[in-house]
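Below is the sequence, then the predicted model.
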Amino acid sequence: MLGDKDGDFTTVANVDMKSSTLKPIHAEWLISTHSKMEGRGDLITADFKKAGLV
């Protein structure tokens, strides 16, 4: 949830959305996801079938 552990949802978080901040985070996520999914061809195929793309 967006609130702190005390349940206060009025707290605003400052998030740095600059491209220079997000690019390395996105690159790390992309590489990590590829590494985790490259051995899961069965899962990927099943999802394509589930979506009606195969």
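Looks like it came in fine. Residues are numbered from 1 along each chain as shown.

can you tell me the helix or strand for the residue most central in space within the chain?
The chain has Trp29 as the residue nearest its centroid, 7.1 Å off, counting by Cα atoms, centre = their mean. Assigned by DSSP states H and E, Trp29 belongs to helix 19-37.

I'd like to check what contacts that helix. Which residues are they?
43-44 (Cβ atoms under 8 Å, 6 or more residues apart in numbering). Yep, even glycine has a C-beta here, placed from its N, CA and C like the rest.

helix or strand right after it?
Once helix 19-37 ends, the next helix or strand along the chain (criterion: DSSP H and E) is helix 41-50.

could I have that next one exported to CSV, CA atoms only?
The C-alpha coordinates for helix 41-50 follow below in CSV (Å, rounded to 0.1, in the frame of the first residue of the first chain):
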residue,chain,number,x,y,z
GLY,A,41,10.3,-21.8,-22.7
ASP,A,42,7.4,-24.0,-21.5
LEU,A,43,5.9,-21.1,-19.5
ILE,A,44,6.3,-18.6,-22.3
THR,A,45,4.7,-20.9,-24.8
ALA,A,46,1.8,-21.7,-22.5
ASP,A,47,1.2,-18.0,-21.9
PHE,A,48,1.2,-17.3,-25.7
LYS,A,49,-1.4,-20.1,-26.1
LYS,A,50,-3.4,-18.8,-23.2
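
any idea of the angle that helix forms with helix 19-37?
100 degrees (axes from the mean of the first three to the mean of the last three Cα atoms, to 10 degrees).

Alright, calling it a day.
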